[in-house]
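Asks: have a look at this prediction, sequence included:
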Amino acid sequence: MKFKKDLPPNALYVHIPFCARKCNYCDFNSVVSGTKTIDLYLSALESELSALKGQYVFKTVFIGGGTPSVLTETQLEKLLCAVIRCISVSEVQEYTVEANPGTLTANKIRLLKEYGVNRISLGVQSFQDRQLKFLGRIHSGDDARKNFILLRQAGFENINIDLMFGCPDQSLDDWENDLETAVELNPEHISAYALTYEEGTLLTKNLNNGVISKLDECIELDMYKTVIDYLTHNGYNHYEISNFAKPGCECSHNLVYWNNMGYVGAGAGAVSSIDGARTSNENDIIRYVNGIGEGKNIKSFGEHLPDDQFASETVIMSLRLCQGISSADFYKRFGYKIEDQFGDQINRLIGDGLICYDNERLKLTEKGLFIADTVMTEFV
Ligand code: SF4
């Protein structure tokens, strides 16, 4: 039977690769650039977006980065106009823009609201200035609180707060304080990620030179257990390994990725996944801008995933969800049972108490959740 990968993409990701300053831990595709480069980039992005017009019906839009809120008000309006021209506003259910405290102004918030943005993802990371300084963030904890309040006053009813744990000198008390402050603000969604040391970042350099050392793994695990306990006791559903939401406020856009459905990416380095074909735009901003200007193909990478690999990726991504993957949905999508391809791994992991069936859904157990990366490698 033919694999059914051809679900039409209904999610649009738009990448803004600019930041006010590079954070010490960041390996994302983002740079600090002058106004001229940003203007050229936005014009190129406008062309790429206008070519998408009428091709897809997007239900979710996510403008991420980088720091979209680093754009000036004029640039932000240009971006929002370009996006609105390529979507059917009445079809879009969730429209998210990432913003960082220290770059948001009342006018930018007003523009976001005016152009139909209905969800803000605020990169808080911590409310404690010591942690923020260590991470190289440009803002204070107070900036984050003030920006959150400004967003609420402007009428945003769906706000995510990003938090980070596992900094070398962070104590469990520090982490609990951050969680308490976040819950007091009462956002609809909280993402809580452990600090990772990526190649090429200042933090990794400092780690390799012995300037800093990693937090003890047991304390980091305690922090992860704490966030799960604390947020679930405060009305948040733990619905993905690192994500928590008030009922009905799960991030629809990210659910597209976790369910391995199709999506379209625009901007430098943006990835698209359409009918099993994965492509990536040119990462380098200047090459991206010139490529668009010269009418060249701006895809720097493309692959058509073999069917078994696509199924494997789907299982890995879906197991990130606390509800796991539906065997019935897998069958509908791929035309064979999940056990036909992964029977050995499933039996072994069930035997080790790392995954289980909950009715017809295959999901991580609590034990599996704490070593999720190891469990996932079984399905590669
Ligand atoms: S604000 Fe975000 S994207 Fe920009 S440097 Fe910091 S972590 Fe990276």
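Replies: Okay, I see it.

Asks: got the domain ranges for this structure?
Replies: 11-258, 307-377 (automatic domain parsing).

Asks: return the most buried member of these.
Replies: domain 11-258 (a mean of 18; mean count of other CB atoms under 10 Å). Heads up, the C-betas are built off the backbone N, CA and C, glycines and all.

Asks: mean confidence for that domain?
Replies: Throughout domain 11-258, pLDDT has a mean value of 97.

Asks: would you mind measuring the gap between the ends of it?
Replies: 12 Å (CA to CA, to the nearest Å).

Asks: correct me, but V315 touches F379?
Replies: Yes - using CB atoms under 8 Å, V315 is in contact with F379, at 4.9 Å.

Asks: list residues touching both of the two?
Replies: F342 (CB atoms under 8 Å, 6 or more residues apart in numbering).

Asks: state the helix or strand in which N260 lies.
Replies: Here N260 is covered by no helix or strand, with elements defined by DSSP states H and E.

Asks: which residues does it contact?
Replies: So N260 contacts S273, F310, E313, T314, M317, S318 (CB under 8 Å, 6+ apart).

Asks: surely D340 is within a strand?
Replies: No - the assignment for D340 is helix, going by DSSP: H, G, I helix; E, B strand; the rest coil, so no strand is present there.

Asks: okay, and the beta partners of the residue of the stretch 151-300 of the chain found nearest the ligand?
Replies: Nearest to the ligand in the stretch 151-300 of the chain, going by CB to the nearest ligand atom, is D162, at a distance of 8.9 Å. When bridges are called by DSSP bridges, D162 pairs up with G123, S191.

Asks: which residues of the stretch 1-150 of the chain lie near the ligand?
Replies: Contacts of the stretch 1-150 of the chain with the ligand, taken as CB under 6 Å from any ligand atom, map to C19, K22, C23, C26, F28, S30, G65, G66, T67, N100, G123.

Asks: contacting residues for the residue nearest the centre of the chain?
Replies: By CA atoms, centre = their mean, the mean C-alpha position of the chain lies nearest to N254, the distance being 6.4 Å. Contacts for N254 (CB under 8 Å, 6+ apart) come out as F62, E240, N243.

Asks: quick one, what contacts V264?
Replies: Counting by CB under 8 Å, 6+ apart, V264 has contacts P9, A11, L12, Y13, L52, Y56, F58, S272, I274.

Asks: ok, the closest residue to N158 other than its chain neighbours to K113 distance?
Replies: Of all residues not flanking N158 in the chain, R119 sits nearest, at 4.3 Å (CB to CB, 6 or more residues apart in numbering). Counting by CB to CB, to the nearest Å, the gap from R119 to K113 is 11 Å.

Asks: now do the shared contacts for those two.
Replies: What both R119 and K113 touch, as defined by CB under 8 Å, 6+ apart, is the set F156.

Asks: doesn't L203 lie inside a helix?
Replies: Yes - the assignment for L203 by three-state DSSP puts it in a helix.

Asks: tell me how far the residue of the stretch 101-250 of the chain found nearest the ligand lies from D307.
Replies: As assessed by CB to the nearest ligand atom, the ligand sits closest to G123 within the stretch 101-250 of the chain, at 5.8 Å. In this view, G123 and D307 are 37 Å apart by CB to CB.

Asks: what does C19 give?
Replies: From C19 to D307 the distance is 39 Å (CB to CB).

Asks: and I355, by the same measure?
Replies: Counting by CB to CB, the gap from I355 to D307 is 23 Å.

Asks: next one: Q131
Replies: 45 Å.

Asks: before we move on, the earlier item: let's see which of the contacts of N254 end up in strands.
Replies: F62, E240, N243 (DSSP state E).

Asks: just list the residues touching S171, thanks.
Replies: I219.

Asks: okay, stretch 286-306 in CSV with CA atoms only?
Replies: This file holds the C-alpha atoms of stretch 286-306, laid out as CSV (Å, rounded to 0.1, in the frame of the first residue of the first chain):
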residue,chain,number,x,y,z
ILE,A,286,23.4,37.6,1.9
ARG,A,287,23.2,34.5,-0.3
TYR,A,288,19.5,34.2,0.5
VAL,A,289,18.9,37.9,-0.4
ASN,A,290,20.9,37.7,-3.6
GLY,A,291,19.4,34.4,-4.6
ILE,A,292,15.9,35.8,-4.4
GLY,A,293,17.0,39.0,-6.2
GLU,A,294,18.4,37.0,-9.1
GLY,A,295,15.5,34.7,-9.3
LYS,A,296,17.7,31.7,-8.4
ASN,A,297,16.7,28.5,-6.5
ILE,A,298,17.3,29.4,-2.9
LYS,A,299,17.1,25.8,-1.6
SER,A,300,20.4,24.7,-0.3
PHE,A,301,19.3,21.3,0.7
GLY,A,302,16.6,18.8,-0.3
GLU,A,303,15.8,15.2,0.4
HIS,A,304,12.8,12.9,-0.2
LEU,A,305,12.7,10.7,2.8
PRO,A,306,12.3,7.0,2.1
